[in-house]
Structure formats: C-alpha cells, structure tokens
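Peer 1: what follows is a predicted protein model with its sequence.
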Amino acid sequence: MAGFGPYVVSGIRTEQVVVYGGLLLALPFGGIFRGLGPRHLLVALIWTFFAFYVVLDSIGVTVSGDFFPGSLQAGVDNYVYPAAVLFMVGRWLAAGYTRQAALDRFCQIFVPMMMFNGVIAVLGLFADLSPVLSAFWGGVALDGQSVAVLAANNGRLSGIFNQPVEAGVAYSLALFAAVHLFARPERGRDRPVVLALAVLPILVGGLLCVSKIFLLCGLPLALWQAARLGRPLRRLSTVGGGLALGGVLGGELGLARWNGSWMLRMLIPGAGSNGLFAQYTADRFRPLGASARAWNFVLDTRPWLGYGAGGLAVPYDSAWAEAMVAGGLLGVALLAGVLLLVAVTWWRTRARREPAEQRFATCVTVLCLASTLGLPVLTANRVALFLWILLALLLFADDGVPSRILIGPGRPFAPAATLSGDRRHAGDRRSPAPMPRPREDRPTTRTGQGSVLQA
C-alpha cells in the first residue's frame with residue numbers, strides 16, 4: 001500500500017520511506033541477503049552494480065552545450081530503488097512467506113488499490129481533484145506544471161499517477177493480477193462475476209488515461225491470459241456483459257462528453273498521417289525528438305560512460321534513452337543484460353510453474369520488455385515498485401520451504417502444504433491422509449467361520 005502513498009516532503013515518497021527504512025531495520029536481524037535464491041541474488045547484484053556504476057559515473061561530470069544537467073537526487077533514487085525492492089522481497093521470504101503466499105498477498109492488496117484509482121479517475125470527470133492529487137504527483141514538466149495537470153487538460157485522467165503512461169502500466173499489471181486471483185480453476189477460484197466487478201473500474205481507468213501501453217499491450221495480454229485458463233467462454237461472456245453494463249451507465253453519467261475521447265479516436269489505424277509506427281509511438285523516435293537529440297549528444301561527447309545518474313534535463317521516452325544518457329553504451333549493455341536475464345529466466349522457469357502462473361509470468365514479462373520502448377519502466381516512480389515485486393515473485397524467487405511458513409501476519413502454517421509437488425494452495429488447512437498401517441508378515445490360517453486367526 002505504500003506505493004499508493006503521497007509525497008512525504010518534496011522529492012520523497014511514502015514508498016521510499018517504507019522500502020529504505022525497512023531495509024535499514026533489517027540489517028541488525030540477518031542482513032539484506034537472507035531469503036535470496038540464486039536467480040534472485042544474481043539479478044539483485046547485477047542491478048546493484050548498475051546503480052553503483054551510474055552513481056560513481058556522476059562524479060566530476062559537467063554538462064555543456066544545448067542541454068542542462070538533470071536532478072542527481074532523482075537519478076540516484078531511480079537506480080538504487082529497484083535494488084532495494086529486490087532485497088525487500090527477499091526479506092519477505094526470509095520472514096516466512098512462501099513465494100506463492102507472498103504473490104497472492106501482493107495481488108490481494110494491489111488489485112483493490114488500482115480499482116480505487118480507477119474510481120478516482122472517474123470522479124475527475126465531474127470535479128477538479130488536482131488540489132488533493134497534487135500531493136501524489138510531485139513531478140513537474142518543463143514549464144513548471146505537473147505532467148498530470150498537463151495531461152488532464154487533454155482529458156487524460158491518471159488518478160494518483162503523475163504520468164498517464166505510468167498509470168497504463170499499473171492498470172495492465174492490475175488486470176493480470178485480477179485474472180490470477182479470480183480465474184484459477186485448478187485452485188477453485190473461477191469466479192467470473194467477481195472478476196467482472198474487479199476488472200470494470202480498472203478498464204475504465206485504463207481508458208481514461210488513454211495509455212497506449214494499456215490499450216495496445218496490457219489489455220490484449222489480459223484477454224489472452226483469461227482465455228487460456230479454464231472455462232474461457234463463461235468468463236469472457238460475464239466480463240463482456242459487465243463491460244456493456246458499465247458502458248450504458250457511463251453514457252448515462254455523461255462519459256460521452258469526456259474531452260479525452262478524441263485521443264482514443266486517434267488510435268484507430270489510419271487516423272494519423274505519418275504511418276502506424278509514428279501514430280502508436282507519438283512520433284517520439286523522430287530524428288529531432290528530445291530523446292534522439294539526447295542520444296546523439298551523448299554519442300558525440302561521452303559515448304561510453306554517459307553523464308551518470310543525474311543525466312540530462314530531458315524527458316526520457318524510453319528505458320534505452322535513459323540508459324544511454326546515464327551510462328553511455330556500457331549502460332545500454334547493462335540494461336540489455338538485465339532484460340535478457342528476465343527473458344531467459346521466464347523461459348527456464350515456465351515449466352515449473354502452474355498454468356495460471358505461467359500465463360501471469362508471460363504477461364508480466366512481455367509487458368516489461370515492450371514497455372521499455374515507451375517508458376523507463378524499470379526505474380519509473382511507483383510503477384517500478386509494482387513491476388519489480390512481480391518479476392521477483394514470478395521469475396526470480398525460489399519455491400523453497402522456509403523454516404517458518406506464514407500465510408498472513410502472525411498466522412503459521414504447516415510446511416506439508418508447500419512441499420514440492422503438492423498442488424494444494426497455501427490456504428488449504430486439511431491434514432494429509434493418514435498412512436496405512438503396515439501389515440505384519442506372519443502366517444495365517446482360515447477357520448470354517450470365515451475369520452482369520454494368527455498361526
């Protein structure tokens with residue numbers, strides 16, 4: 001829930017206080033490496049090296065020419081924070097949570113919070129919520145206004161998220177998590193009505209923020225995820241009926257007068273005049289764009305090392321542009337290595353996961369890789385927290401049995417339900433069937449009455 005908190009003071013969010021503070025408190029009680037399996041430890045160490053590299057690269061660097069230096073504090077946090085999140089997940093597992101129990105608990109909190117954010121976005125159609133939401137936005141654009149305020153002027157309502165693209169990634173992850181919670185026939189959780197009720201505010205929120213990542217990537221992936229599990233026709237028809245009812249209610253409430261509908265129409269193929277690629281990327285990769293100019297500037301001045309964590313005062317339209325500015329070609333290589341590790345780990349672990357977790361992990365992996373083209377998704381505020389937690393629990397964490405297993409705060413659970421090969425979920429409290437009593441190997445004789453007597 002800390003990921004949905006406001007800024008405590010300027011430049012410091014609630015989630016930062018919780019994550020960094022929690023790790024500092026964990027140091028006297030076993031350090032930060034407990035609970036990390038081999039894959040988990042590997043990705044944590046690689047990203048930690050990436051963070052130290054860009055931080056040390058910032059020392060003594062001066063920016064000249066057509067660009068100004070960026071914020072060093074924000075840049076350092078962007079790279080240190082993912083490593084802290086990975087170590088934090090390890091502390092959850094060391095405290096006694098199994099990987100599956102921690103994943104379910106995270107989804108049970110994350111989905112309702114994103115549903116509430118969708119409701120906030122709907123309320124923004126009828127009232128100006130910026131005086132309240134400004135405590136959550138924090139960041140400012142080049143003209144001094146918050147990015148969320150500028151987006152709201154175009155009808156893009158993102159709730160507590162500062163940028164619509166960040167909200168789109170979060171809504172996509174929430175759709176995947178909702179399907180994971182309420183569409184799992186193998187665990188008795190095929191609840192299409194509950195799924196429809198959970199999905200409705202998330203879908204509405206995703207539409208109101210007009211995020212191409214959500215509409216073109218997250219939503220199709222969620223439909224594929226739901227259709228491949230159990231009774232897809234019953235589930236999809238129920239969700240579709242709920243969406244139709246939501247559309248009727250939206251028309252009655254005045255959503256037809258929403259001033260951002262023109263942006264949805266611009267996503268129709270052929271609506272743009274510069275081709276589909278330029279249309280669906282907002283032409284951000286044009287040669288004279290901010291990211292392209294920053295990329296070329298780094299290539300001309302510091303091609304191998306870049307300008308460190310502070311970077312340049314330009315909007316980063318992709319994770320690759322941010323890696324180039326912060327770390328040069330070495331930074332791009334490190335980012336490529338991390339993404340390759342994500343893809344390889346997904347491929348190697350998919351056979352060891354249940355079908356529902358396979359689909360969940362596939363959706364999160366594809367979204368992570370695709371989102372790097374339009375957003376520094378691994379370092380973005382708030383959404384990076386959600387993404388790294390899911391990557392850690394779906395791909396990198398081990399399925400080991402800790403010595404003290406928890407399914408909730410202070411609720412112990414017998415280790416038998418989490419042994420390898422046991423298909424029961426962590427909430428099943430049934431005792432295992434008793435072992436049959438071994439028969440004594442002694443000769444017997446049968447009487448005429450049919451009874452058995454020992455010889």
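Peer 2: Looks like it came in fine. Numbering: from 1, shown residues only.
Peer 1: for W320, what are its contacts?
Peer 2: Contacts for W320 were tallied using Cβ atoms under 8 Å, 6 or more residues apart in numbering; they are V332, L335, T372, L373. In this view, the C-beta of every residue, glycine as well, is placed from N, C-alpha and C.
Peer 1: shouldn't the third one be in contact with Y316?
Peer 2: Read that as T372. No: between T372 and Y316 there is no contact, the gap being 10.8 Å when judged by Cβ atoms under 8 Å.
Peer 1: would you mind telling me which of these two has more residues around it?
Peer 2: Y316 (23 against 20; other Cβ atoms under 10 Å).
Peer 1: which ones are touching the closest residue to the more buried one other than its chain neighbours?
Peer 2: Counting by Cβ to Cβ, 6 or more residues apart in numbering, Y316 lies nearest to E322, which is 4.0 Å off, once chain neighbours are set aside. E322 is in contact with N78, G311, Y316, P376, T379, counting by Cβ under 8 Å, 6+ apart.
Peer 1: would JSON lines of the contacts of W320 with distance to Q108, secondary structure and pLDDT be doable?
Peer 2: Supplementary listing: the contacts of W320 in JSON lines, determined by distance: Cβ to Cβ, whole Å; DSSP: H, G, I helix; E, B strand; the rest coil; pLDDT from 0 to 100:
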{"residue": "V332", "distance to Q108": "37", "secondary structure": "helix", "pLDDT": "97"}
{"residue": "L335", "distance to Q108": "32", "secondary structure": "helix", "pLDDT": "97"}
{"residue": "T372", "distance to Q108": "28", "secondary structure": "coil", "pLDDT": "94"}
{"residue": "L373", "distance to Q108": "31", "secondary structure": "coil", "pLDDT": "90"}
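Peer 1: most neighbours out of these, which is it?
Peer 2: Neighbour max across the contacts of W320 (other Cβ under 10 Å) = L335, 23 neighbours.
Peer 1: ok, it to A135 distance?
Peer 2: Separation of L335 from A135 (Cβ to Cβ, to the nearest Å): 32 Å.
Peer 1: what about the protein, any weak spots by pLDDT?
Peer 2: 30, 139-145, 185-188, 229-257, 269-279, 282-283, 400-455 (pLDDT under 70).
Peer 1: what are the ranges of the strands in it?
Peer 2: 7-9, 12-13, 406-408, 411-412, 444-446, 452-454 (DSSP state E).
Peer 1: tell me the buried residues in the first one?
Peer 2: In this case it means strand 7-9. Judged by neighbour count (16 or more other Cβ atoms under 10 Å), strand 7-9 contains these buried residues: Y7.
Peer 1: and that strand, what does it pack onto?
Peer 2: If you count contacts as 3 or more Cβ pairs under 8 Å, 6 or more residues apart in numbering; DSSP states H and E, strand 7-9 packs onto helix 14-26.
Peer 1: ok, and what's touching the helix it packs on?
Peer 2: 2-3, 5-8, 32, 77, 81, 84-85, 87-88, 91, 382, 385.
Peer 1: from the chain's centre, how far out does it sit?
Peer 2: What separates the centre of helix 14-26 from the centre of its chain is 19 Å, taken as Cα atoms, centre = their mean, to the nearest Å.
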